[in-house]
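A.B. asks: Give me a 3D structure for the following:
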Amino acid sequence: AYRRQRQMCIRDSISTYLYALCAGPYQVFEDYDPMYVPQRIFVRQSLVEFLRHELMFGITKTTLDFYQRAFGARYPFTKVDHVMSPDYKYGAMENVGCITYSDEIMCSEKHMSIPKLTFFTVVIQHELCHMWFGNLVTMKWWNDLWLNEAFATSLSYKACSEGGPFVDPYKDEAWLHMSGYKRWGLAEDLMPSNHKIQAECPTTDTAESLIDGITYGKGSSMIKQLIFLMGWEVFCKGLQIYFKRFAWKNTELPDFINCMQIGFNENRPDEELNLNDWSTNWLQTKGVNKHSAEIEQADGNFTKFVIR
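C.D. replies: Purely as a prediction, here's the structure:
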């Protein structure tokens, strides 16, 4: 019988929702590159012919490089396992050092189009982003679920758009693909059941209802907006303060906003940007922006036309 044991050392506390136990008659692919943490892929024998294991290993390395530069913090764990899971409820899950994927998304067909391969790439990048946003720093309660999901969504598309080895073929598709998330968020924000990005969540039963277009689609669009407001380099400075201050801790919205404000003030001291106001207007207000036209006429001519 084939048996191998790998021990992962975690020096600090991890939230209980981030543990996973995976078992099965998997075939294992391994990558031991001295420049990166070890990687393994676990897949059912019947799906091996559809598995793009070299692509997964390569995307992971490129993405780890990108995030480590942006966040100013090394990948916080000692391995990356990729487990292909049958009949999986979600697309993927960022368990500590062990990403579980729906095998329907990752290895169910031999030939995939560029849009499908872009999604394939972004799914890996999304879950790797969670190793920082969600695992290294975890929201204090589910009302700030967006601190996990909006970031992982927006920054995975940012990572994809930057390209690099194994990612270059999909970089031009990245923002186009993300527009689907934006439309999802817009559609749900027009519904009577809409909610603020920083949502009310009185119980854990409510938390699952927040896995929706507003948390993912609208939330990630707001992060993209914040990147453009601050500039990518300054945005990263704020993130670096955030991770340095709150590594292995729980956070709330004010913790994040405060770190981003410090990053902006320190790097663009001659400019003004009140991120508390931005947070109130965009994260703590539900519904879409509405425009109306004000028109006045006299003697058959338009005398006033204003968009409000």
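
A.B. asks: Lys196 in helix, strand or coil?
C.D. replies: Here Lys196 is coil, with the state taken from DSSP: H, G, I helix; E, B strand; the rest coil.

A.B. asks: and what of the one 5 residues further on?
C.D. replies: Using three-state DSSP, the three-state assignment for Cys201 comes out as coil.

A.B. asks: Spit out the contact partners of it.
C.D. replies: 141-143, 145, 207, 210 (Cβ atoms under 8 Å, 6 or more residues apart in numbering). Placement of C-beta: from N, CA and C, glycine included.

A.B. asks: So which of those residues belong to helices?
C.D. replies: If you go by DSSP state H, the contacts of Cys201 have Ala207 in helices.

A.B. asks: Using a markdown table, please lay out the contacts of Cys201 together with distance to Val80 and neighbour count.
C.D. replies: Output for the contacts of Cys201, formatted as a markdown table (distance: Cβ to Cβ, whole Å; neighbours: other Cβ atoms under 10 Å):
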| residue | distance to Val80 | neighbour count |
| --- | --- | --- |
| Trp141 | 28 | 12 |
| Trp142 | 26 | 20 |
| Asn143 | 30 | 21 |
| Leu145 | 23 | 23 |
| Ala207 | 26 | 16 |
| Leu210 | 27 | 21 |
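
A.B. asks: Name the nearest of the contacts of Cys201 relative to Cys98.
C.D. replies: Set against Cys98, the nearest of the contacts of Cys201 by Cβ to Cβ is Leu145 (20.7 Å).

A.B. asks: Show me the helices in the stretch 51-200 of the chain, by range?
C.D. replies: Along the stretch 51-200 of the chain, the segments classed as helices by DSSP state H, counting those that start in this stretch run 53-71, 103-106, 114-130, 146-162, 174-189.

A.B. asks: Centre of the chain to the shortest one, how far?
C.D. replies: Average the C-alpha atoms of helix 103-106, do the same for its chain, and the two points are 18 Å apart (Cα atoms, centre = their mean, to the nearest Å).

A.B. asks: Need the CA coordinates for it. PDB is fine.
C.D. replies: Provided in PDB are the C-alpha atoms of helix 103-106 (Å, rounded to 0.1, in the frame of the first residue of the first chain):
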ATOM      1  CA  ASP A 103     -13.900  18.600 -10.200                       C
ATOM      2  CA  GLU A 104     -16.700  19.600 -12.600                       C
ATOM      3  CA  ILE A 105     -15.000  23.000 -12.900                       C
ATOM      4  CA  MET A 106     -11.400  21.900 -12.900                       C
END
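
A.B. asks: So which bits of it are buried?
C.D. replies: Buried residues in helix 103-106, defined by neighbour count with 16 or more other Cβ atoms under 10 Å: 103, 105-106.

A.B. asks: what is the mean pLDDT for it?
C.D. replies: Mean pLDDT, helix 103-106: 90.

A.B. asks: Remind me what that helix packs against, helices and strands.
C.D. replies: Under the contact criterion of 3 or more Cβ pairs under 8 Å, 6 or more residues apart in numbering; DSSP states H and E, helix 103-106 touches strand 80-85, helix 114-130.

A.B. asks: Please identify the most buried of these.
C.D. replies: Among these, strand 80-85 has the highest mean neighbour count (mean count of other Cβ atoms under 10 Å), at a mean of 23.

A.B. asks: can you pull out the helices in the stretch 201-308 of the chain?
C.D. replies: Going by DSSP H, counting those that start in this stretch, the stretch 201-308 of the chain shows helices at 204-207, 213, 219-230, 232-246, 253-267, 275-282.

A.B. asks: Met93: which of these is closest?
C.D. replies: Short answer: helix 204-207, nearest of the helices of the stretch 201-308 of the chain by Cβ to Cβ, at 14.3 Å.

A.B. asks: end-to-end on stretch 196-213?
C.D. replies: 11 Å (Cα to Cα, to the nearest Å).

A.B. asks: What are the buried residues along it?
C.D. replies: For stretch 196-213, by 16+ other Cβ under 10 Å, it's 196-199, 201, 207, 210, 212-213.

A.B. asks: And stretch 219-233, by the same measure?
C.D. replies: Using 16+ other Cβ under 10 Å as the test for burial, stretch 219-233 gives 219-224, 226-227, 230.

A.B. asks: Quick check: the gap between the closest residue to Asn148 other than its chain neighbours and Val167.
C.D. replies: Counting by Cβ to Cβ, 6 or more residues apart in numbering, Gly134 is the residue found nearest to Asn148 once chain neighbours are left out, at 4.1 Å. Using Cβ to Cβ, to the nearest Å, Gly134 is found at 22 Å from Val167.
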